[in-house]
Structure formats: structure tokens, C-alpha cells
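*Asks:* okay, here's the prediction I keep looking at, along with the sequence it came from:
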Amino acid sequence: MNPLKPSLMIKKNDIVIFTRIFFSSNYFKHGLFYLIVFWNVPSSIQAIELADTLSLHGFLTQGYFLTSGNRIFGESDANGSLDFTEAGLNVSWNPNADLRLAGQVLFRRAGTGHEHDLELDFGLLDYTVFSTPDHLLGTRFGRFKNPLGLYNDTRDVLSTRPTILLPQSIYLERTRDLALSADGGLLYGEHRSEAGNILLEIGAGVPRGNNLDTELAYFGADYPGETEPKLSYIGRLSYEREGGKYRAAISSVWLDVRYQPKFPASDDDLPPVKDIFIPVIFSMQYNGDPFSITAEYATRRIQRASLGHALDLDITGYSYYLQAVYQFDENWQFIARYDALYNNRADKYGKGYQAITKRPAYTQFATDWTFGVRYSLTASFLIAAEYHYINGTAWLPYQDNLDPNDVEKHWQIFSIATSFRF
Amino acid sequence: MIKIYLRCLLGTLWLCVVSPGFAEDTPVVVVNSITYPNAFLSQNAITAIFGMRLRKWEDGSPIKVFVMPDGNPIHIAFSKYVLRVFPYQLRSAWNRLVFSGTGEEPMIVESEEKMREAISSTPGAIGYLSRSMLNESVKAISND
């Protein structure tokens, strides 16, 4: 027996108990106190400079979700759910001008199956090979954030994303774990000129991926065997001009995920499966004053090969959103967005799917009208609220809605969140 | 005749309104006068430095970037008329770097006095000041 194991378990239990007490008791009841404390944090504490070459940053977001029909992030359909917290702490250290070490720890509560996730979000060594005012070449090793679209790299930081819930057409909660970060290496190069900057990032690594989440996203149910991501490839080509006034990008992944059935074989298990998922995302953004317009379009191809070919498929879905942000003044921001996801281009509204599987057609698409408002109290403290009107359940998180007969086609979300960053 | 005169007057006023970039008090880029003796940096280099993408000087020493808080009028003027970007674009670019592990954000100083002090006492420092704040402890840089 491993003598280390009991103490590790106790530690994990301690964290569970601590988080339960912390988030279920006085923390929320004393929300006003929380607000006042952060209001009074001087704006000079933007970041903590521990030493000349070391800097520390962090964020804390607490969200409230109230939904009709379906659930998201906990039991949101009753009296609403507070089971949404994001907290991160990151450190960056520059021993010299060419070398940088950076890491971020993320704590997240996000409903059923994610009651208290604590993970290393990234941990990397960044080395600049070559740097002039016009050119840059560098590498990153370790756990790096996947360069995907405009928001994936910082998807858990409210102040960097436009809404509390990111456009699910591109940034699905269902496949979040696979999209987050990967363990491997990445090469990046940049060319800067009067005509704009071109940045290329190419990486190879093993994506992280929670076994259950991946299985639910890929097969729609929890099977006895193991789902595991393998060595995959990622790339993003970005163009930026006038300091980010105009931004465009193409990003793609070649994602290899395998399913291995449990031994000994049973009737309710799947055969060995190899899934190659290839999303291609086209992104465009205009950042003006007072309007900022963003559009992203993705094609999502999934090629499945299984032993005996019973589960083989080759499906291409597509998704997009169009988003407008109106910056009313320094503090107030309004946002409107239309977001759409279709799992299968050849069967957009799921009619064929329903005929074959007897499952509802509306699980194969989702359209979402979102309207939101955001108020920045200080540079580091903000409050956001938003309303979603959704038709379809193609991106509805499985774990919060385990009963497929208790899912509704038309549903709504109201959400409010406060966030602090330093 | 009066109409034409009025139009000219309005035109002149409009010019004054839309081109504050030529105003006397537009901040200028300043550097530590000992570690960076050159008096010129290209617009590309300045944009890359304040965007936190260019991290070292030509001699390989690290660049230390200082800025004032996002809402500071001098910071806003510097962003708009020297870097030609809105302050919120800078902020979101820095946030992306910090929270994705791909870079850092500049160091923040509260006032022009503190800016001048930080630049004159930090090797490799760069920042900005109003012309009226310039003295022999820092060096102003031209970008055109």
C-alpha cells in the first residue's frame, strides 16, 4: 500500500470542504462587503511587482445563472445557480530579455461534474530566438494555451471576453477541456511593418481532456472504457493593423482522440474508436470608437473510424456568430450578438438524425440571440449582465441535463457576474 | 458672401476639433538617457514596444515599459496621437498577453513626476511625458 495515498486524499477532501464552506456560507451572503472591499482597492495595485523581473496577476469572477427549461452551471432552472466561479493566479518571471517562465493556476466551479476543478492552466518556458523591431521568432515549451480564434487563449478571464458566456458556436463548453491547453511545443514568428503585423503560431502537443467530458461530447454518453487525446497539431495565422484596430485570423487544429473499451469486453461498450476532429476558424474584428464588430465562422469536421466500422462517420458541421459592442463611455458597454451552430451541414435541422436515432432534431442545432451590458467600476472591477434567447440544444452541457426527456427546445438564460482582476 | 465666409470659419473650427494631434502638449516618447543614447525609434518599434511585443533593445538589454493608468488623460492622448490606437485596444492586447502566458503588461505609474523619476532611474526604461515635463534627466525620442 502506498503510504502517500491517504494523505493526498485528505488534502483533496480539505480542499472540497474548504471550497464548500467558502462558497456556500458567508461569502455570498456578504456580497456587499465583498463589493466594498474591492471598490476600495487602490487603482495603483494593477499588478504585484514582487521583484524587478517577477510579476503576479490574478482574477476572480463569480457568476449567477437563471435559466428556463434547461440547465447550465448547476440547478439554474429553479432559483438560479451560483455554481459558477473562476479564479486564477499567474506568475511570470524574466531571468533575462530572451527567457521567460510563466504559469497559471485555475480554480473553477462550473456545475455538475465541475464542482471544484483545480488545474495548471499553463506552465511554460518561452525563449526568444531572434528579435528586431520588425521581426520576432520564438518558441514555447511546456503546457501552452491553444491559439484558437480570438478568445480561446484567455477564455476564463471575464475582462478579456465580451460576455459572461462566450459565443458557444465557436467556444463550446462541451469541448472546453480539449480546447484549453496542450502539453508540447510551439513555434511563433512575427513580421511587423507599416502595412500591419503578421503572426504565425504552430504547435504540436497532447491536449488536456477530461475523460468524461470528452466522452459525453463525442459519444453522448458515459461508456465503460477510456477516452484519451493523442498527439495533435494546432496553428493560427493572424493579421493585425493599426495596433489591433483591424484583426483577422485563421486557426485550425488536427485533433486526435481515441476511445479504448474496457477489458474484458462487454455488450454495452463501444469498439475501439479513432476520432479526428478538424475545426477551422475564420476570425475578423474591427475595433473602433464607439463600435467594435466581431465575426467568427468555423467549419467543424469529424472523421470517426471504429473497429468493425459500425460507428464510422464523416460529418462536417459549421457555426458562426456576429457581434457588435457599443462603448457608450469609459464605463458602460452594450453588446448584441447572434450565434448559430449546426452539427451537420448535410442535415442542418436534425431531421435525418431524428429519423435514425429517435432523438430530438433540436439537439443538432442551436441559435442564440444575446444582449448584454457591462459596467467597469474601476480598471480592475467590473459587473456584467446578459440575456440569451436560445433555440436548440446543440451546445447544452450534458452533465447538468442528464435526462434527455427533460430538455426543451426553446430556452433562455439570464446571467449576472462580477469580476476582479489585478 | 456671408455664407461662404461662415463656411470657411466652420471649416477652420472643424480642423481645430479634428486635429488635436498637432497640439503643443501631445506627449512625447522618453527613454532613460544613459542606457539609450539614440534619439530615434521607428513608429513600428514604438508600436511594438508599447504593445509589449518587442522586449529588448538592439544591444540585447531588456526594455522596461512604463505607462500611466488607462483613464489618465495623458495616457489617452499618448495612445491616440502617438501610438494611434484607442487605450482599450492596448488594454485588451496586454490582457491577452498576461492571461495566456505569452507576455507581460507594462509597469504603471500614477503621475508624470513618477514617470520621469522611474525612467531616469531605471536602466532600459521607456515611457512618455508632456513636453513641459521634459528635463535633462530623461531623453525625448523622435519617431518621424
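*Replies:* Cool, got the structure. Predicted, not measured: the structure shown is a model, and the values here were computed from it. Numbers count the residues shown, from 1 in each chain, chains lettered A, B, ... in the order given.
*Asks:* report the secondary structure state of the closest residue to residue A:85 other than its chain neighbours.
*Replies:* Computed as CB to CB, 6 or more residues apart in numbering or on different chains, the closest residue to residue A:85 that is not its neighbour in sequence is residue A:109, at 4.3 Å. Bear in mind the C-beta positions are built from the backbone N, C-alpha and C, glycine included. Following DSSP: H, G, I helix; E, B strand; the rest coil, the label given to residue A:109 is strand.
*Asks:* so residue A:109 sits against residue A:117, correct?
*Replies:* Yes: Residue A:109 lies in contact with residue A:117 (CB atoms under 8 Å); the separation is 7.5 Å.
*Asks:* between those two, point out the one with more neighbours.
*Replies:* residue A:109 (20 against 13; other CB atoms under 10 Å in any protein chain shown).
*Asks:* name the residues of stretch A:382-390 that are buried.
*Replies:* Using 16 or more other CB atoms under 10 Å in any protein chain shown as the test for burial, stretch A:382-390 gives A:382, A:384-386, A:388, A:390.
*Asks:* for the nearest residue to residue A:368 once chain neighbours are set aside, name its beta-bridge partners.
*Replies:* In this structure, residue A:368 finds its nearest non-sequential neighbour in residue A:339, 4.2 Å apart by CB to CB, 6+ apart. Here residue A:339 sits in beta bridges with residue A:321, residue A:368, going by DSSP bridges.
*Asks:* what's the burial count for residue A:339?
*Replies:* With other CB under 10 Å as criterion, residue A:339 counts 25.
*Asks:* ok, the one 4 residues further on next?
*Replies:* With neighbours defined by other CB under 10 Å, the count for residue A:343 comes to 22.
*Asks:* quick one, phi/psi of it?
*Replies:* phi -60, psi -30 (degrees, to the nearest 10).
*Asks:* swap in the one 10 residues further on?
*Replies:* Backbone torsions of residue A:353, given as degrees, to the nearest 10, read phi -60, psi -40.
*Asks:* quick one: it and residue A:359 touch, right?
*Replies:* Yes: contact criterion CB under 8 Å: residue A:353 and residue A:359 qualify, at 6.9 Å.
*Asks:* ok, these two, which is more surrounded?
*Replies:* residue A:353 (20 against 13).
*Asks:* about what we covered before: local confidence estimate at the residue nearest to residue A:368?
*Replies:* Turning to residue A:339, the model gives it a pLDDT of 97.
*Asks:* for the chain, give me the ranges with low pLDDT.
*Replies:* As the question left the chain open, I've gone with chain A. A:1-52 (pLDDT under 70).
*Asks:* looking at chain B here, not the other one
*Replies:* B:1-24, B:37, B:39, B:143-144.
*Asks:* list the contacts for the residue most central in space within it?
*Replies:* The residue lying closest to the centre of chain B (CA atoms, centre = their mean) is residue B:78, at 4.2 Å. For residue B:78, the contacting residues are B:26-27, B:67, B:128, by CB atoms under 8 Å, 6 or more residues apart in numbering or on different chains.
*Asks:* among these, which ones are in strands?
*Replies:* Among the contacts of residue B:78, the residues falling in strands (DSSP state E) are B:67, B:128.
*Asks:* how about TSV for the contacts of residue B:78, with distance to chain A added?
*Replies:* Formatted as TSV, the contacts of residue B:78 follow (distance: CB to the nearest CB, whole Å):
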residue	distance to chain A
B:26	17
B:27	16
B:67	10
B:128	15
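*Asks:* just flag the most distant two among the contacts of residue B:78.
*Replies:* The span of the contacts of residue B:78, defined through CB to CB, is set by B:26 and B:67 at 15.6 Å.
*Asks:* quick one: which of those two has more around it?
*Replies:* More crowded of residue B:26 and residue B:67, by other CB under 10 Å: residue B:67, with 24 against 17.
*Asks:* what's the closest non-adjacent residue to the more buried one?
*Replies:* Excluding its sequence neighbours, the residue lying closest to residue B:67 (CB to CB, 6+ apart) is residue B:106, at 4.6 Å.
*Asks:* hang on, the one you found packs against residue B:94?
*Replies:* Yes: between residue B:106 and residue B:94 a contact is recorded at 7.1 Å, counting by CB under 8 Å.
*Asks:* tell me, what's touching these two both at once?
*Replies:* Residues within reach of residue B:106 and of residue B:94 at once, by CB under 8 Å, 6+ apart, are residue B:52.
*Asks:* what's the spacing between the helix or strand where residue A:352 lies and its chain's center?
*Replies:* For residue A:352, the host element (DSSP states H and E) is helix A:351-357. With CA atoms, centre = their mean, to the nearest Å as the basis, helix A:351-357 stands 30 Å off its chain's centre.
*Asks:* any chance you could list what contacts that helix?
*Replies:* Counting contacts by CB under 8 Å, 6+ apart, the residues outside helix A:351-357 that touch it are A:343-344, A:346-347, A:359-361, A:363-364.
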